[in-house]
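# sharing a model that was predicted from the sequence below.
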Amino acid sequence: MYKKLNNYQFVSFIIFLMSNTYNTIVNNLSYCAVSAVYNGNKVLYLQKYPPASGTNAPNMDVNSSDKELKTPTVTKSDVINFWNNNVSRQSNGLWKGGKWGKSNLPTTDATWLTGVFLGDHLVITKVADGIIKFIGGKPFTADMSVLANTVGQTWSCNVEYNGQQYGAYITESIMPQKAKDVIFVWENDKDEQFVKLLTRGDNDNVDMPRRMMPGAGEHMEPGDNMGQKNGDILRAVNEEMGIHPKTLAECTLLPLGNFSEPGRDPRYWEYDGGSWGMKRGSETSAYVLYIKSKTDAAPKEVAPQDTEEVDSKWWSNLSTVLSDYPEDRWMIFDHQKFIPATIKAITDFKSLSIHEQKKMKFVVG
């Protein structure tokens, strides 16, 4: 039963809704995100997924810059054609990585802000200050709780577009993408080294379908920390790679460092020669799981949990993998940089004392 509101409560409720509702116009597009202008002077950044870190909730007392307020002149057909073509390089030479899945750009997305484009109107209603747990882009409700320590990091909002409502996370600036990548290397009794390669699936829910990646990668989630290792690594391994627990217990964990070159991941940058899109930081913290075998038998594996994003996996010779596979097979240009970094990390590890090597043993628990 709903409790009937008295006149004072009803008026207060209407004032609350009005003070937390923003009529906006879309002025730019990005991967799983759009930006929209409120009141002609304030840009709000809407994201499908919650930020892991590095963001602030909108400050409505500060106007946006002229650069943020500018709307690209690109046409809808140009955007769709760019998203669907199979080239690996953009017109300005930046990496594109081939055809992308349709579920990631709002203009072509079948699940979030479906069909939205520049100039379209969005009605944004703030539900909470902070991050409400992601529920697939569906609308939030006022009774949903906010994750700990996320107040001031973003707004959890509902967005109305074309008669539909969607959940979105709104920030002061476009949120950076952060991830963990795990490369799996096996060395046999003949001192030959092999790296586990994975091929992505091929359906509308997978971006960069059929592209190759050296190991597993997972986006960081709210509450994760770039310095945390084992939990995120296990999540990536279990979901995408499938390494047997007994194998993991014999692995050494070698850090490769952070990779954050602008444009390293084309999904989080400007598109079509910079004619549209938003420059969005992308950083990954990469590691190598290295196992030395006393035989010529490959280490035990199990089936990965995610059979949609990962279509197949196989061993490839570490020393020749870059020459064995052409550039346009790779998902992200930076993935190719992982290979020489991995070779160096293993070489450096072998030069350590037995005592120092034992310190780098991967701890499963």
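All right, it came through fine.

# does residue 81 sit in a helix, a strand or a coil?
Taking DSSP: H, G, I helix; E, B strand; the rest coil as the rule, one finds residue 81 in the helix state.

# going forward, the N-terminal residue is numbered 44.
Yep, numbering from 44; the last one is residue 124 now.

# okay, it: pLDDT?
Looking at residue 124, its pLDDT is 90.

# so what's the residue count around it?
The burial count assigned to residue 124 is 11, neighbours taken as other Cβ atoms under 10 Å. Where you see a C-beta, it was placed from the backbone N, CA and C, and this is true even at glycine.

# so it versus residue 308, what's the distance?
For residue 124, the distance to residue 308 equals 21 Å [Cβ to Cβ, to the nearest Å].

# same check, this time on residue 233
36 Å.

# so for these two, which sits in the more crowded spot?
residue 308 (26 against 9).

# contacts only, for the more buried one.
220, 325, 375, 377 (Cβ atoms under 8 Å, 6 or more residues apart in numbering).

# give me the low-pLDDT residue ranges for the stretch 294-408 of the chain?
408 (pLDDT under 70).

# quote the end-to-end distance of stretch 223-238.
17 Å (Cα to Cα, to the nearest Å).

# buried residues in it?
223-231, 236-238 (16 or more other Cβ atoms under 10 Å).

# with stretch 116-134 instead?
117, 122, 125-126, 131, 133.

# of these, closest to residue 178?
residue 126 (25.6 Å; Cβ to Cβ).

# doesn't residue 143 make contact with the closest one?
Yes: counting by Cβ atoms under 8 Å, residue 126 touches residue 143, with 5.6 Å between them.

# so residue 168 bridges to which residues?
Residue 168 forms beta bridges with residue 64, residue 201, as assigned by DSSP bridges.

# tell me, how many residues neighbour it?
Look at residue 168: counted by other Cβ under 10 Å, it has 16 neighbours.

# so it sits against residue 199, correct?
No: counting by Cβ under 8 Å, residue 168 stays clear of residue 199, with 10.3 Å between them.

# please enumerate the shared neighbours of these two.
Common contact partners of residue 168 and residue 199 (Cβ under 8 Å, 6+ apart): none.

# okay, the spatially most central residue of the chain: pLDDT?
The centre of the chain sits closest to residue 262, judged by Cα atoms, centre = their mean, with a distance of 4.6 Å. Residue 262 is assigned 83 on the pLDDT scale.

# just the strands in the stretch 194-343 of the chain please.
Here the stretch 194-343 of the chain has its strands, by DSSP state E, counting those that start in this stretch, at 198-204, 207-214, 220-230, 236-243, 255-256, 259-262, 295-302, 313-314, 319-320, 325-335.

# report the rounded mean pLDDT for the fifth one.
Model confidence over strand 255-256, given as mean pLDDT, is 94.

# need the nearest residue in space to residue 156, chain neighbours excluded.
Spatially, and ignoring its direct neighbours in sequence, residue 156 is nearest to residue 149 (4.0 Å; Cβ to Cβ, 6 or more residues apart in numbering).

# hmm, back to that, of the contacts of residue 308 - the most surrounded one?
residue 375 (25 neighbours).

# tell me if that residue really is in a strand.
No: assessed with three-state DSSP, residue 375 is coil; it does not lie in a strand.

# please tell me how far the residue nearest to it when sequence neighbours are not counted sits from residue 327.
Residue nearest to residue 375 in three dimensions, not counting chain neighbours: residue 308, with 5.2 Å by Cβ to Cβ, 6+ apart. With the distance defined as Cβ to Cβ, residue 308 ends up 8 Å from residue 327.

# mutual contacts of these two, please.
residue 377.

# ok, now which ones touch residue 360?
Contacts of residue 360 were listed using Cβ under 8 Å, 6+ apart, and they are 235-238, 367.

# of the residues you listed, closest to residue 87?
Closest to residue 87, out of all of these and judged by Cβ to Cβ, is residue 238, at 42.5 Å.

# count of residues packed around residue 245?
Other residues near residue 245 come to 13 when the count uses other Cβ under 10 Å.

# over to the one 10 residues further on?
Around residue 255 there are 20 other residues, counting by other Cβ under 10 Å.

# do residue 68 as well
Per other Cβ under 10 Å, the neighbour tally for residue 68 reads 14.

# that one reaches residue 80, doesn't it?
Yes: the pair residue 68 and residue 80 passes the contact test of Cβ under 8 Å, sitting 5.2 Å apart.

# okay, now the domains of this structure?
If you go by automatic domain parsing, the domain ranges for the chain are 50-114+161-214, 220-402.

# and the end-to-end length of the last one?
In this case it means domain 220-402. End-to-end distance for domain 220-402, by Cα to Cα: 31 Å.

# please identify the helix or strand for residue 387.
helix 378-393 (DSSP states H and E).

# out of the domains of the chain, flag the one nearest residue 139.
Closest among the domains of the chain, using Cβ to Cβ: domain 220-402, at 5.1 Å.

# so what's the gap between the closest one and the chain middle?
Computed by Cα atoms, centre = their mean, to the nearest Å, the chain-centroid distance of domain 220-402 equals 15 Å.

# cool, stretch 139-147 as well?
Distance, stretch centre to chain centre, for stretch 139-147: 13 Å (Cα atoms, centre = their mean).

# what's the average pLDDT for it?
Mean predicted confidence for stretch 139-147 is 81.

# mind checking how far the residue nearest to residue 334 when sequence neighbours are not counted is from residue 105?
Using Cβ to Cβ, 6+ apart and skipping the chain neighbours, the partner closest in space to residue 334 is residue 294 (4.9 Å). Remark: distance between residue 294 and residue 105 (Cβ to Cβ) = 48 Å.
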